[in-house]
Each structure stands twice: as C-alpha cells, then as structure tokens.
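Engineer: fold the following.
(one chain, ligands or ions: 3)
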Amino acid sequence: MQVTMRIRRFNPEKDKKPYWGEYTLDNVEPNDRVLELLHRVKWEQDGTLSFRRSCAHGVCGSDGMRINGVNRLACKVLVNALGEGDHVKIQVEPMLGLQVLKDLIVDMEPFFEHYRSVMPYFVNNDPVPADGRERLQSAAARARFDDTTKCILCACCTTSCPSFWADGKYVGPAAIVQAHRFIFDDRDQAADERLKIMREPDGVWRCRTIFNCTSACPRDIEVTRAIGEVKMAIRRGGRGAIQETEGTEEAGGEG
Ligand code: SF4
Ligand code: F3S
Ligand code: FES
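Structural biologist: Numbering: from 1, shown residues only. Ligands and ions are numbered 1, 2, ... in the order given. This next block holds a predicted model:
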C-alpha cells in the first residue's frame, strides 16, 4: 500500500512558523508501525526530520506524538489501525501544550518539573528489618497501586488534557498518577505530604474529569480513576480513610 505522511515541521533556526510537510511512501505493509514510517521519511527522503524514540517497543515513553489527532506512541500504532485500502493518509504532529523545539520534539522540562513536584519516590525512615529482608507487603496492599506503577512518563495524558492546555501550571494527570503510586503504597510514610501538594491550587482539583487522559494512555492505566481516588483521599483526610470505604462513593470533580 501507499501512505502519505503529513508531518508538522518546524525548525526555529530557519522557519518563521510551522508548516506541513508531505511525504509519500510506497510498499508499506499494513502492520508497519508509524515509527517505521517516520524512519523511512528520515532515512529515505529528509534527514532533517527530528523526533524522539528509543526502545521501539512501547517501554521507554519517548515517542509520544499526536497521530491523526490523538496522542499515541508512534512505535505502538500500526498503519492498519489508521486506515484501509491501497492508500492511507496519516497526519503526525507534536503533542500539544508543550513548546516545540524542532519538528515532533517538544520541551519536556515543564512536564518533568510537575513530575518532580509530587515527591515521586519512596519515603520510609524506619530502620530496615534487622534480618536484612525487604519491607514486606501483602498481595492485596500491592494490588492497591498496581495500575499506577505501569506509567512510562510518555506525557500522552497530560498533553491531551484541556485543563493543562488552558494553564500549564496544572500539575497534570501524569504527575497525579505518580503521586497515586506512592500515596496508596502502605509502606510509604509521605502520603500526607503528597496529599497536601495535591490540594494546592494547581493540584488535583484542576482536573474536571474530562477523561482524555485515560483514552490517551498507551499503558491502559485508568488515569481518571486514579485522579478520583486522590481527590477522595483528600476529602476523607488521608489514604487510610479511603482504603476502608473504597468503592462506596463515586469519585468526581470539585473545586
Ligand atoms: Fe503516559 Fe499513561 Fe503515564 Fe500518562 S499515565 S504519562 S499516558 S503512561
Ligand atoms: Fe484532564 Fe484527565 Fe482530568 S483529561 S481534566 S486530567 S480526567
Ligand atoms: Fe520507546 Fe516508543 S520508542 S515507547
């Protein structure tokens, strides 16, 4: 099949404004991935095309971009998911809400600043067990935050969120997912500090339960649900309260 790639181009060193570049590729297989097509454009037609990628297997989170209007990882999207027949058109743009540095590469620093702001690390000041073993946790307690451990920090969620587009100071769904991962870990001792951060004006209440983040997540994390659980923990005064009563109240927006 033939594919026409329409790619948003911008080189701040020579372009006054972004423009669309069009590239036609022949002999594309339906199960080729968009990342392979971007490589073909770069290697066969225009070596100046710039984009991030590393693992090519949906693990590193570096190739988030807007493909046919939806945030996805280029290495996970097959051509046959975007169209059928002898000719398919595919449009590729950088993620929204972050400054474009060149072509499909955006400045991830504001995103990682939000990530760092939620204390995304394990806190436990008790001495390690005398027998040298790890801090034990029940399977049920581990399952409580299993979903949010899957995050690869690709930014597909945060850059699909209208609240983040409206105001980049909003900490965003990815950072809340990271906060959730530690807030609901019963071995961690900093849940209250994180909930305090989440209560701040640019914290979790900026979420209006729009759900774009959940649709965009390539790891199928229930992002909006995790955000709702953090909101509920704030309302109820800590993770303990929600763990005792979870499932009995619908998590919604507020603020
Ligand atoms: Fe990416 Fe999903 Fe993590 Fe958001 S929650 S950064 S979409 S993996
Ligand atoms: Fe945005 Fe997701 Fe909330 S799209 S408004 S963070 S549910
Ligand atoms: Fe690593 Fe796509 S290149 S997730």
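
Engineer: how about residue 44, phi and psi?
Structural biologist: When quoted as degrees, to the nearest 10, the phi and psi of residue 44 stand at phi -110, psi -20.

Engineer: what's opposite the residue lying closest to it once chain neighbours are set aside in the beta bridge?
Structural biologist: Excluding the flanking residues, the one nearest residue 44 by Cβ to Cβ, 6 or more residues apart in numbering is residue 25, at 7.9 Å. Backbone N, C-alpha and C define where each C-beta goes, glycine included. For residue 25, the beta-bridge partners are residue 3 (DSSP bridges).

Engineer: can you report how many residues neighbour residue 25?
Structural biologist: Neighbour count for residue 25, taken as other Cβ atoms under 10 Å: 20.

Engineer: show me what contacts it?
Structural biologist: Neighbouring residues of residue 25 by Cβ atoms under 8 Å, 6 or more residues apart in numbering: 2, 3, 4, 5, 37, 40, 41, 44.

Engineer: got it, and residue 237?
Structural biologist: Residue 237 makes contact with no residue, according to Cβ under 8 Å, 6+ apart.

Engineer: and the gap between it and residue 82?
Structural biologist: In this structure, residue 237 and residue 82 are 47 Å apart, going by Cβ to Cβ, to the nearest Å.

Engineer: could you do residue 6 as well?
Structural biologist: Using Cβ to Cβ, one gets 12 Å for the distance from residue 6 to residue 82.

Engineer: any idea which helix or strand carries the closest residue to residue 184 other than its chain neighbours?
Structural biologist: Closest residue to residue 184 apart from its sequence neighbours, by Cβ to Cβ, 6+ apart: residue 145 at 4.2 Å. Residue 145 is part of no helix or strand, with elements assigned from DSSP states H and E.

Engineer: how deep is residue 145 tucked in, by neighbour count?
Structural biologist: There are 20 residues near residue 145, going by other Cβ under 10 Å.

Engineer: for it, give me the pLDDT.
Structural biologist: As predicted, residue 145 sits at a pLDDT of 97.

Engineer: so it sits against residue 181, correct?
Structural biologist: Yes: if you go by Cβ atoms under 8 Å, residue 145 and residue 181 touch, sitting 5.2 Å apart.

Engineer: looks to me like residue 88 is in a strand.
Structural biologist: Yes: according to DSSP: H, G, I helix; E, B strand; the rest coil, residue 88 belongs to a strand.

Engineer: mind listing what's buried along stretch 64-73?
Structural biologist: 64, 65, 66, 67, 68, 71, 72, 73 (16 or more other Cβ atoms under 10 Å).

Engineer: quick one: end-to-end distance for it.
Structural biologist: End-to-end distance for stretch 64-73, by Cα to Cα, to the nearest Å: 4 Å.

Engineer: with stretch 38-56 instead?
Structural biologist: Where stretch 38-56 starts and where it finishes are 12 Å apart, if you go by Cα to Cα.

Engineer: list the buried ones in stretch 199-218?
Structural biologist: For stretch 199-218, burial by neighbour count (16+ other Cβ under 10 Å) applies to 202, 203, 204, 205, 206, 207, 212, 213, 214, 216, 217, 218.

Engineer: just these that are near ligand 2?
Structural biologist: The residues of the buried residues of stretch 199-218 that also fall near ligand 2, by Cβ under 6 Å from any ligand atom, are 207, 212, 213.

Engineer: what pLDDT is listed against the second one?
Structural biologist: Right, the one you point to is residue 212. Looking at residue 212, its pLDDT stands at 97.

Engineer: contact partners for it?
Structural biologist: Neighbouring residues of residue 212 by Cβ under 8 Å, 6+ apart: 157, 160, 161, 162.

Engineer: let me know the closest of those residues to ligand 3.
Structural biologist: Comparing the contacts of residue 212 against ligand 3 with Cβ to the nearest ligand atom picks out residue 157 as the nearest, at 14.3 Å.

Engineer: rewinding a little: separation between the residue nearest to residue 44 and residue 86?
Structural biologist: Residue 25 is 13 Å from residue 86, by Cβ to Cβ.
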